[in-house]
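> Quick check, what structure comes out for this input:
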Amino acid sequence: MTASPPAALAWSTDNCTVGRAMEILGERWTFVVLREVFNGVRRFDDMRRHSGMPRQVLTDRLALLVEAGILRREPYREPGQRERHEYRPTEKGFDLYPVLVAVRAWGDRYLADPEGSPVEFEHVGCGAEVHLALRCAEGHELTGRRDVATRPGPGIRPF
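Presented below is the predicted three-dimensional model:
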């Protein structure tokens, strides 16, 4: 008895939004930049020093994130200095915050030092630790690995 091929083999990936997102987000330093910005480290020199990222890599990542509308540049000027820029998240950028929380949770589960996570996310309103949860449109929490299946969406194209 032979297994039938996965249904996904009949779908084109030319307009895949995961692939498109990874063109912007898939480079290893992208979420390091976002981590810094979300943590309030918004100036180039501070980001470079704090993250250890090479200057050109940081320059390229910031330019890509600005071009993609994920970060915006805000001018500032220290007394007696030339104008420089801080990098702040746009609404599109803030929508990536749950992704950062998910990446941190995965890293904590599989890559943390024995002492545990170096950071936690807390709910500002009550101080409780923040966790991500998957829910369907009806509000059911999905806890099992097999609780989600892929189905064709409105933009699907046959292969």
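
> When you work out contacts or count neighbours from here on, use the C-alpha atoms and nothing else.
Noted.

> Stretch 140-153 - what's its average pLDDT?
The pLDDT scores in stretch 140-153 average 92.

> Show the end-to-end separation of it, please.
21 Å (C-alpha to C-alpha, to the nearest Å).

> go on, stretch 152-159?
12 Å.

> Any idea how far stretch 129-137 is from the middle of the chain?
Here the centre of stretch 129-137 is set off from its chain's centre by 16 Å, with C-alpha atoms, centre = their mean, to the nearest Å.

> Between the two ends of that stretch, how far is it?
With C-alpha to C-alpha, one end of stretch 129-137 sits 24 Å from the other.

> List the contacts of that stretch.
98, 101, 102, 120, 121, 122, 123, 141, 142, 143 (C-alpha atoms under 8 Å, 6 or more residues apart in numbering).

> Model confidence at the fifth one, what's the number?
This means residue 121. So, for residue 121, pLDDT stands at 93.

> before we move on, back to that, for the contacts of stretch 129-137, which entry has the maximal number of neighbours?
Ranked by neighbour count (other C-alpha atoms under 10 Å), the contacts of stretch 129-137 have residue 101 at the top, with 17 neighbours.

> element containing that residue, please.
Assigned by DSSP states H and E, residue 101 belongs to helix 97-111.

> which strands and helices sit next to that helix?
Other helices and strands packing on helix 97-111, by 3 or more C-alpha pairs under 8 Å, 6 or more residues apart in numbering; DSSP states H and E, are helix 30-38.

> and the angle for the helix it packs on with helix 97-111?
Angle of helix 30-38 versus helix 97-111, following axes from the mean of the first three to the mean of the last three C-alpha atoms, to 10 degrees, is 120 degrees.
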